[in-house]
Every structure is written in structure tokens, then in C-alpha cells.
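Chemist: generate a structure from the sequence data that follows.
(one chain, ligands or ions: 1)
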Amino acid sequence: MVERRDELLALLAHDESEVRWRADTMRAQVPPSGPISTLSARPAAPVAAGCCLSCGDPLPTGDRFRCTHCVRAAWRVLRAARGQPSGAWDGNG
Ligand SMILES: [Zn+2]
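Modeler: Model prediction:
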């Protein structure tokens, strides 16, 4: 485990980067008040079959509508919109 520390840290940093840009795009779609519509990481992008409805990236096996990065980003944005801290759990479990 110790010998793979740098590899794990790089994976975590990449994962956080993927969630962060999606959350930044989704955050801009949250109105100051009222209902929040479906959040999308790439709102204008066409969606191909088998791809995430939010970002358009190919979906891994087992994901039906949104990729894990988009789910985590949406949870992060919605929790912040409700005034809740993001906490350790952000829709990943
Ligand atoms: Zn996605």
C-alpha cells in the first residue's frame, strides 16, 4: 500500500478534479430561490446512447443515467444550496 501511495493520491486528485469542474458548471444553474431544475455538467452537449445524460461521457457498466462524477457533483451542489456542508458523503454511497 505504501509503495502505491503516490498512485492512489494521483487517482484521488484526478477524481476530485472531475467532480469539481462538473460541480462548478452545475452551481451556475442553481437559481437564487425557487425550484432547482435538473443539473447538467454539459447542458448544450448532445447525448449519445450509453453516455451520461449530464456530461456525455461514456457510462461505465452499471450506471444507467449519470456517471459517478456527475452524481457526486450534483449532490455537492444541492447540499450547498440547502446550506448543508458537503461532508464526507456526497452521493457516493
Ligand atoms: Zn457524467
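
Chemist: how far is the worst-scoring helix or strand of the chain on mean pLDDT from where the chain is centred?
Modeler: One helix or strand of the chain scores below all others by mean pLDDT, DSSP states H and E: helix 5-27, with a mean of 91. Its chain's C-alpha centre and that of helix 5-27 lie 9 Å apart, by Cα atoms, centre = their mean, to the nearest Å.

Chemist: just checking, what packs against it?
Modeler: helix 68-81 (3 or more Cβ pairs under 8 Å, 6 or more residues apart in numbering; DSSP states H and E). Any C-beta I mention is one placed from the backbone N, CA and C, and that applies to glycine too.

Chemist: what's the helix it packs on packed up against?
Modeler: Other elements packing on helix 68-81 under the criterion 3+ Cβ pairs under 8 Å, 6+ apart are helix 5-27.

Chemist: so for the helix it packs on, what gets flagged as buried?
Modeler: Buried residues in helix 5-27, counted by 16 or more other Cβ atoms under 10 Å: 18, 19, 22, 23, 25, 26.
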